[in-house]
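Visitor: My questions are about this predicted structure, shown below with the sequence.
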Amino acid sequence: MTTATPTKTQYEAIIGLETHCQLRTDTKVFCNCSTEFGTPPNTNVCPICMGMPGVLPVLNQRVLEYAVKTGLALNCQIADYSKFDRKQYFYPDLPKNYQISQYDLPIAEHGWLEIEVLDKAGNPTRKKIGITRLHMEEDAGKLVHAGSERLSGSKYSLVDYNRTGVPLVEIVSEPDIRSGQEAAEYAQELRRIVRYLGVSDGNMQEGSLRCDVNISVRPVGTEKFGTKVEIKNMNSFSAIQKAIEYEIERQIEAIESGERIVQETRLWEEGAQRTISMRVKEGSSDYRYFPEPDLAPIEVSADQRNAWKDELPELPAQKRHRYETELGLSPYDAKVLTEDGTIAAYFESALATGASAKPAANWIMGDISGYLNKEKLSVNEIALKPETLAEMIQLIESNTISNSAAKEILPELLKEGGSAKALVEKKGLVQVSDPKVIEAAIDQVLAKFPDELEKYRGGKKNMLGFFVGQVMKATGGKADPKVTNQLLQQKLNG
């Protein structure tokens, strides 16, 4: 009698993200203090954001507009009526010791965004990730821990209140994410959307976009969630993916060895590439919310909501779909071109002035992007205008210049601008397409290299490249490669 080998348990991860996005307003959410990043500590403060007695907050109208537009872009239901609440908590960097946020009546709920994950072959898998809610709130300040008991005998903390009161929207996803790759793509798509809207710069390194991950694992096929662990302190998309992948493996190994997963907050250690425990959370915190008495409830009329909706731009997912279906671009090309709204606008301007889609995409993703990365410039800062790129592409397609000639003039166009056609004529790079001129050059080359001609006709067909190179050399690189190849093969095989 044989004993069946027990089947190894398969697990799946249940992942949700809580994302804090700083809104790109000139002033704070409830006062007129500047939101400028990088100013000296404690200079962008006033009695309101410092929580002095007797002061009253006033909602920044732009914050409401940006929150509603973000909610609309995330396909959320915008609340006709919402309110602010006080979240009671000990904040060392919030002088009031409470945060003004939204609790039971947020400005937006029940939305979704579409992510697109490409495999190694460039094939897309699309998936909708649910958005539970989006609400407005104020940011806290910044603590700086300094000193050393070993070196100076004491440790101390400093506080910078500049960020206190900076406007945020918190976006909470549904637990629809199943992998680190999906989570990283969700966060990137969220950043693309807020950048396209112009409501945030989305700079993770400056804290404008901050993601906390909630993750648990469970056996495939079960409905009950496992014990949730929260991961903080991730400042890049790659860190989000790596932290999740590490945590999935850690939790599965713990379960398989009989350990109990505890509800806790963990930090991602970039250097060690691991998560470490920060604090245990056996239950949910009681923040003792109650309605903010100093701020009136918010009512968004249907007319106002529709007016803001009409101002939304075409969003990244919409552009990707259009580039693939209408322009015939690959999913990879469409994704790269829509990553940055300024690149997409440059590409579309080139198309509007006569460029073909695929050549324009290739030049932008190749040589032009390489130049931007090397010089650390945005596409709006280069001298090469979209209409000049279109002109250069048209010169190639009309066989006026070759691709190599285009590469020769591109560096100057990127730095100096001007007309592609004029620069081609100035440098004498106009391509020779006249068969009689090219045939004469071929005859000269064949007469000059009789031994090589004999080798070719003796079976060494790879000598064709040698003859093409010699013809190009004889014509100063101006011979049309296509015509040259056709005539050469006729002569060589004749």
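Guide: Okay, I see it.

Visitor: Now do the SS call for residue 305.
Guide: Following DSSP: H, G, I helix; E, B strand; the rest coil, the label given to residue 305 is helix.

Visitor: what are the ranges of the strands in the stretch 51-200 of the chain?
Guide: 77-78, 81-82, 85-88, 98-101, 108-118, 124-138, 142-148, 154-160, 167-173 (DSSP state E, counting those that start in this stretch).

Visitor: Which strands or helices does the fourth one pack on?
Guide: With contacts defined as 3 or more Cβ pairs under 8 Å, 6 or more residues apart in numbering; DSSP states H and E, strand 98-101 has these neighbours: strand 85-88, strand 124-138. The way it works is simple: take the backbone N, C-alpha and C, and place the C-beta from them, glycine included.

Visitor: could you dump the last one to PDB, C-alpha only?
Guide: This file holds the C-alpha atoms of strand 124-138, laid out as PDB (Å, rounded to 0.1, in the frame of the first residue of the first chain):
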ATOM      1  CA  PRO A 124      -0.300  43.600 -20.500                       C
ATOM      2  CA  THR A 125      -2.400  42.300 -17.700                       C
ATOM      3  CA  ARG A 126      -5.000  44.900 -16.600                       C
ATOM      4  CA  LYS A 127      -6.800  44.900 -13.300                       C
ATOM      5  CA  LYS A 128      -9.100  47.200 -11.400                       C
ATOM      6  CA  ILE A 129      -8.100  48.000  -7.800                       C
ATOM      7  CA  GLY A 130     -10.900  49.300  -5.600                       C
ATOM      8  CA  ILE A 131     -10.700  52.600  -3.700                       C
ATOM      9  CA  THR A 132     -12.500  52.500  -0.400                       C
ATOM     10  CA  ARG A 133     -12.300  56.200   0.400                       C
ATOM     11  CA  LEU A 134     -10.500  59.500  -0.100                       C
ATOM     12  CA  HIS A 135     -10.600  62.100   2.600                       C
ATOM     13  CA  MET A 136      -8.900  65.500   3.400                       C
ATOM     14  CA  GLU A 137      -6.700  66.100   6.400                       C
ATOM     15  CA  GLU A 138      -3.800  68.200   7.700                       C
END
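
Visitor: in it, what counts as buried?
Guide: 124, 127, 129, 130, 131, 132, 133, 134, 135, 136, 137, 138 (16 or more other Cβ atoms under 10 Å).

Visitor: the helices in the stretch 351-494 of the chain, which residues?
Guide: 357-363, 369-375, 386-397, 403-416, 420-427, 435-448, 450-457, 464-474, 481-493 (DSSP state H, counting those that start in this stretch).

Visitor: Please identify the buried residues of the second one?
Guide: The neighbour-count check on helix 369-375 (16+ other Cβ under 10 Å) flags 371, 372 as buried.

Visitor: Now it - C-alpha only, PDB.
Guide: Extracted C-alpha coordinates of helix 369-375, given in PDB (Å, rounded to 0.1, in the frame of the first residue of the first chain):
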ATOM      1  CA  SER A 369      15.100  60.400 -23.400                       C
ATOM      2  CA  GLY A 370      18.800  59.500 -23.300                       C
ATOM      3  CA  TYR A 371      19.700  63.200 -23.700                       C
ATOM      4  CA  LEU A 372      17.200  64.200 -21.000                       C
ATOM      5  CA  ASN A 373      18.500  61.700 -18.500                       C
ATOM      6  CA  LYS A 374      22.200  62.700 -19.200                       C
ATOM      7  CA  GLU A 375      21.600  66.400 -18.900                       C
END
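
Visitor: Show the contacting residues for the residue nearest to residue 49 when sequence neighbours are not counted.
Guide: Of all residues not flanking residue 49 in the chain, residue 165 sits nearest, at 3.5 Å (Cβ to Cβ, 6 or more residues apart in numbering). When contacts are counted by Cβ atoms under 8 Å, 6 or more residues apart in numbering, residue 165 touches 28, 29, 30, 31, 33, 48, 49, 138, 139.
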